[in-house]
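Trainee: with the input below, show me the fold.
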Amino acid sequence: MSSQQINGADKGETIIIQGKEVPVINAKSQTIITNSKTGVVYKDEAEWKALGIDPKDIKVDVKIQIPSLDLLAKTK
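Mentor: Okay, here's the model as predicted:
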């Protein structure tokens, strides 16, 4: 199992986990860094650190988007 299989799998690709074949799901993530006191949104960690903002005033939200899953799949 390579990291490429986990992070950038083609549609229909699977990996083996504890002897079972598991489909790889491609997910997209978005990190939003906000100053909780002022509401200012920063593009990355380096930006707010360069401005000398207190880490206690920083709020980090991570949004994960995955494709819809087939919850009504047939079992064997």
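Trainee: and stretch 19-38, what's buried?
Mentor: Going by neighbour count (16 or more other CB atoms under 10 Å), the buried part of stretch 19-38 is Val24, Ile33, Thr34, Asn35. All C-beta spots, glycine's among them, are computed from the backbone N, C-alpha and C.
Trainee: which of these fall within strands?
Mentor: Applying DSSP state E to the buried residues of stretch 19-38, the entries found in strands are Ile33, Thr34, Asn35.
Trainee: closest one of those to Asp61?
Mentor: Thr34 (7.2 Å; CB to CB).
Trainee: so what sits opposite the closest one in the bridge?
Mentor: Val41, Lys59 (DSSP bridges).
Trainee: can you tell me which residues contact it?
Mentor: When contacts are counted by CB atoms under 8 Å, 6 or more residues apart in numbering, Thr34 touches Val40, Val41, Tyr42, Ile58, Lys59, Val60, Asp61.
Trainee: how about Glu21: what's its closest non-neighbour residue?
Mentor: Leaving aside its chain neighbours, Glu21 sits nearest to Thr14 (4.8 Å; criterion: CB to CB, 6 or more residues apart in numbering).
Trainee: any idea what that neighbour is bridged to?
Mentor: Pro23.
Trainee: wait, doesn't it sit right on Val24?
Mentor: Yes - using CB atoms under 8 Å, Thr14 is in contact with Val24, at 6.3 Å.
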